[in-house]
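In: next comes the sequence, and after it the predicted model I'd like to discuss.
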Amino acid sequence: MPELHSNRRLDQPRAGRRSPRLALDPDAFARLSERVARFLGTGRYLGIQTVIVIVWIALNLAAFSWQWDPYPFILLNLAFSTQAAYAAPLILLAQNRQDDRDRVSLEEDRNRAAQTKADTEYLARELAALRVAIGEVATRDYLRGELEKLAERLPTNERSRKR
């Protein structure tokens, strides 16, 4: 009788039958977007973009025989719209990653502050305990003063014997 079910386990994935998958770093795109966002916020980028726009407009106004984008510059507007459509999400992704880093840093700062506060409170308690302990210790001056008081209470003949 043929076996209806094979001895494969359904709770485990099959091994060796899949095509090899690409192992991508999940943060690679986010790091790339941060670099792009950082570049989009520089004066260098604005300068390059300004030069490209001036050259684009100058060539389209001056070259009467070969105008690929005549006066309302629809193609240039389309390029700016496409750039903005990509730049805004990249900038937001970079901003979200920065917010995550700031949140982790803030949490570390809070933990460090709490530990510093606990250490300070411990040291204050230890210092207070030392002050109390030192206050209870008999000092040399205290002992000398007590012995002098006792010596004054003793009768005079015993005092002369001791000397």
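Out: Looks like it arrived, so ask away.
In: only C-alpha atoms for contact and neighbour calcs from this point on.
Out: Fine.
In: residue ranges with poor pLDDT in the protein?
Out: When residues are selected by pLDDT under 70, those of the chain lie in 1-8, 10, 15-21, 156-163.
In: most centrally placed residue in the chain?
Out: Centroid-nearest residue in the chain, with C-alpha atoms, centre = their mean: residue 105, separated by 2.9 Å.
In: mind telling me what element residue 106 is part of?
Out: helix 74-136 (DSSP states H and E).
In: ok, the nearest residue to residue 76 once chain neighbours are set aside to residue 61 distance?
Out: Spatial nearest neighbour of residue 76, excluding adjacent residues (C-alpha to C-alpha, 6 or more residues apart in numbering): residue 69 at 7.5 Å. Counting by C-alpha to C-alpha, to the nearest Å, the gap from residue 69 to residue 61 is 9 Å.
In: next: residue 27.
Out: According to C-alpha to C-alpha, residue 27 and residue 61 sit 44 Å apart.
In: those two: which is more packed in?
Out: Using other C-alpha atoms under 10 Å, the more surrounded residue of residue 27 and residue 61 is residue 61, with 15 against 10.
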